[in-house]
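Trainee: sharing a sequence plus its predicted fold:
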Amino acid sequence: MSVRTRFAPSPTGALHIGGARTAIFDWLFARHYGGKFILRIEDTDQTRSTEESIAEILDAMIWLGLDWDEGPFRQSERLSVYQSHVEKLLETGKAYRCYCTPEELEARRKKAQSQGKVYRYEGKCRNSFDRACPEPAEGLTTGLKSHLENSSFAVRLMTPEIGSIVVEDLIRGTITFDAKEIDDFIIQKTDGFPTYNFAVVIDDVTMNITHVIRGDDHIANTPKQILIYEALGYETPKFAHVSMILGSDKTKLSKRHGATSTVAYREMGYLPEALVNYLARLGWSYGDQEVFSKEELVEKFTLDNVGKSPAVFNPEKLLWLNGLYIRNKPAEEIAKLVIPFLEKKGFQVTLDERLIKIVESLRERAKTLVDFAEAADYFFIEEVKYEEGAKKKFLTPEALPIFETLIDKLSSLNDFTIPEMQRIFNEIIEERGLKLVKVAQPVRVALTGGTVSPGIFEVMDILGRDKVIERIKKAVSYISNN
Ligand code: GLU
């Protein structure tokens with residue numbers, strides 16, 4: 001059978017970047033082997049699942065470019081599939097109804113705890129008469145029969161008491177669990193909903209999943225799931241548990257280490273291809289190579305090079321990669337992407353030559369689209385705001401004659417082009433015996449408010465002659481009044 005992987009998020013919050021990394025691995029694995037990638041929303045936990053989270057997860061998947069071939073399926077719409085499998089297990093005596101009440105179970109759990117033990121269901125209802133027969137056994141009084149039919153019950157899987165359960169993990173090798181550690185766990189709750197382990201298995205079976213690639217926080221569930229496969233007589237898929245992502249202090253990545261939601265990275269001005277590249281490299285490697293196009297990832301990704309040890313999230317490296325992608329993407333595309341960030345700052349912008357020039361002039365320095373919008377400020381604002389240090393140092397009476405000559409010369413230019421601007425600057429430098437920086441820095445402060453910007457002629461070219469003259473005049477009046 002050709003490869004079929006799935007990503008199965010629980011919609012109880014935003015798509016965590018750890019989840020995104022799992023999705024990337026599943027997607028890459030399916031694409032590498034020319035298989036199918038299935039998206040499944042695990043929303044059986046009715047109290048914690050929200051429509052908002054589902055929408056956010058789908059949005060993040062689309063943004064990352066992780067297209068799915070089937071789905072998104074929703075577990076909440078598949079209850080009858082789980083139900084029919086529960087029935088099958090009841091009929092074959094591999095599962096049984098449990099009438100123990102939550103209070104009873106709680107009391108037993110507490111008792112075990114007080115003795116310093118972990119509570120495991122002792123099988124009280126295991127041998128009850130209704131185990132293998134949907135109809136209560138003959139000979140029951142009518143009163144007892146109706147009592148049983150009306151009582152709420154959970155369904156438990158009958159699990160082996162001895163032996164071991166072996167997981168052959170494609171990343172971690174053989175992991176052996178002692179059957180004693182696993183009690184007769186619930187597969188269907190009293191409300192008729194399947195438990196997580198049961199729904200996952202039934203879905204993976206009925207969706208013909210060949211490879212279950214997921215976070216290693218699910219390792220402890222795997223032996224339980226294997227027991228369900230066995231009880232139903234289904235072949236198990238291959239398992240691959242991917243290590244966690246840790247923060248720089250080697251604890252599980254959490255909000256303390258910075259943003260953990262995938263879409264937060266979009267808001268912070270990251271490009272999806274940079275994030276995919278970065279996350280793919282977290283736990284997977286291909287020699288020393290750091291930069292991969294998506295096509296290259298698909299070509300090179302296999303589970304052979306996925307490591308066992310947890311990967312540490314390094315925000316600086318992600319930032320570096322993002323800067324690289326920003327520099328290498330066509331300026332027009334960056335321009336399109338930067339528009340919402342500029343609009344957020346209240347500027348009205350359109351995708352035109354001017355915006356593309358702005359992108360070209362700033363892209364060497366910008367590491368995120370947010371940086372871009374920040375740095376591009378002075379191209380859009382009406383009134384330049386001077387930085388404290390910059391105005392003190394450069395908007396001085398010494399600059400006045402330079403500004404005045406410049407206004408004259410720029411006004412009388414026929415063509416406002418970069419070579420003409422250069423010619424004018426050279427004239428001023430020669431006439432006054434100055435170095436270029438002595439002219440360029442005050443002009444830079446007058447035009448941008450600060451001392452760092454792209455080349456001064458580029459800035460002038462983008463601003464246009466009227467704006468340049470207007471801003472230099474404003475600097476003149478600032479100097480005269482201070
Ligand atoms: N729904 C589970 C989660 O979000 C994943 C289950 C699985 O991959 O088997 O953690």
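Mentor: Here it is on my side, so go on. Numbers count the residues shown, from 1 in each chain.
Trainee: can you report phi and psi for the spatially most central residue of the chain?
Mentor: Centroid-nearest residue in the chain: Thr262, 2.8 Å away (criterion: C-alpha atoms, centre = their mean). Main-chain torsions, Thr262, degrees, to the nearest 10: phi -60, psi -50.
Trainee: do you know how far it is from the ligand?
Mentor: Noted for Thr262: a distance of 14 Å to the ligand, by C-beta to the nearest ligand atom, to the nearest Å. Placement of C-beta: from N, CA and C, glycine included.
Trainee: now swap in Asp203 and tell me
Mentor: Taking C-beta to the nearest ligand atom, one finds Asp203 at 9 Å from the ligand.
Trainee: check Thr206 too.
Mentor: From Thr206 over to the ligand (counting by C-beta to the nearest ligand atom), the distance is 14 Å.
Trainee: Asp217 now?
Mentor: Taking C-beta to the nearest ligand atom, one finds Asp217 at 7 Å from the ligand.
Trainee: I figured that residue hits Ile245, correct?
Mentor: No. Using C-beta atoms under 8 Å, Asp217 is not in contact with Ile245; the gap is 11.2 Å.
Trainee: show me which of the two is the more surrounded one.
Mentor: Ile245 (24 against 13; other C-beta atoms under 10 Å).
Trainee: any stretches of the stretch 51-200 of the chain with poor pLDDT?
Mentor: By pLDDT under 70, the low-scoring segments of the stretch 51-200 of the chain are 128-151.
Trainee: for it, which residue gets nearest to the ligand?
Mentor: Val200 (4.7 Å; C-beta to the nearest ligand atom).
Trainee: what is the burial count for that residue?
Mentor: Residues contacting Val200 under the criterion other C-beta under 10 Å number 26.
Trainee: one more: Ile162?
Mentor: For Ile162, using other C-beta under 10 Å, the count is 7.
Trainee: and if you look at Val359?
Mentor: Here the number of neighbours of Val359 (other C-beta under 10 Å) works out to 23.
Trainee: Gln115 now?
Mentor: Quick note: Gln115 (other C-beta under 10 Å) scores 8 neighbours.
Trainee: ramachandran angles for it?
Mentor: phi -100, psi 10.
Trainee: what does the one 5 residues further on give?
Mentor: Listed backbone geometry of Arg120 is phi -130, psi 140, with angles given as degrees, to the nearest 10.
Trainee: also Phe239?
Mentor: Phe239 adopts backbone torsions of phi -110, psi 140, taken as degrees, to the nearest 10.
Trainee: give me the beta-bridge partners of it?
Mentor: Beta-bridge pairing of Phe239 under DSSP bridges involves Asp169, Val212.
Trainee: Lys189 and Glu103, how far apart?
Mentor: According to C-beta to C-beta, to the nearest Å, Lys189 and Glu103 sit 16 Å apart.
Trainee: neighbour count for those two, which is higher?
Mentor: A direct count of neighbours by other C-beta under 10 Å for Lys189 and Glu103 places Lys189 higher, at 15 against 8.
Trainee: my read is that that one contacts Ala154, right?
Mentor: Yes. When contacts are counted by C-beta under 8 Å, Lys189 is listed as touching Ala154 (5.7 Å).
Trainee: need the residues of the stretch 251-400 of the chain near the ligand, please.
Mentor: By C-beta under 6 Å from any ligand atom, no residue of the stretch 251-400 of the chain approaches the ligand.
Trainee: all the helices of the stretch 251-400 of the chain, in order from the start?
Mentor: Remark: helices assigned in the stretch 251-400 of the chain by DSSP state H, counting those that start in this stretch are 262-267, 272-280, 294-300, 315-328, 331-344, 353-362, 369-375, 377-380, 388-394, 399-411.
Trainee: can you redo those as TSV with distance to Met460?
Mentor: Converted to TSV, the helices of the stretch 251-400 of the chain look like this (distance: least, C-beta to C-beta, whole Å):
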stretch	distance to Met460
helix 262-267	33
helix 272-280	32
helix 294-300	39
helix 315-328	23
helix 331-344	19
helix 353-362	11
helix 369-375	17
helix 377-380	11
helix 388-394	16
helix 399-411	8
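Trainee: just to revisit the earlier point, what sits against the residue nearest to the centre of the chain?
Mentor: Thr262 makes contact with Ala14, Leu15, His16, Ile17, Gly19, Ala20, Ala60, Trp63, Leu64, Leu275, according to C-beta atoms under 8 Å, 6 or more residues apart in numbering.
Trainee: if we use 6 Å, what do you get?
Mentor: Counting by C-beta atoms under 6 Å, 6 or more residues apart in numbering, Thr262 touches Leu15, Ile17, Ala20, Ala60.
Trainee: and for Thr222?
Mentor: Contacts for Thr222 (C-beta under 6 Å, 6+ apart) come out as Val167, Phe239.
Trainee: average pLDDT for the helix or strand harbouring it?
Mentor: With secondary structure defined by DSSP states H and E, Thr222 is part of helix 222-232. The pLDDT scores in helix 222-232 average 98.
Trainee: and for stretch 393-410?
Mentor: Averaged over stretch 393-410, pLDDT sits at 96.
Trainee: for that stretch, buried residues please.
Mentor: By neighbour count on 16 or more other C-beta atoms under 10 Å, the buried set for stretch 393-410 is Phe394, Leu395, Ala399, Ile402, Phe403, Thr405, Leu406, Ile407, Lys409, Leu410.
Trainee: ok, now stretch 84-93?
Mentor: Using 16+ other C-beta under 10 Å as the test for burial, stretch 84-93 gives His85, Val86, Leu89, Leu90.
Trainee: mind checking which of those land in helices?
Mentor: If you go by DSSP state H, the buried residues of stretch 84-93 have His85, Val86, Leu89, Leu90 in helices.
Trainee: verify the stated contact: the third one with Ala95.
Mentor: Yes. Assessed by C-beta atoms under 6 Å, Leu89 is found in contact with Ala95 at 3.7 Å.
Trainee: just give me the closest of the contacts of Thr262 to the ligand.
Mentor: Nearest to the ligand among the contacts of Thr262, with distances taken as C-beta to the nearest ligand atom, is Leu15, at 9.8 Å.
Trainee: contacts only, for the closest one.
Mentor: By C-beta under 6 Å, 6+ apart, the contact list for Leu15 reads Ile57, Ala60, Thr262.
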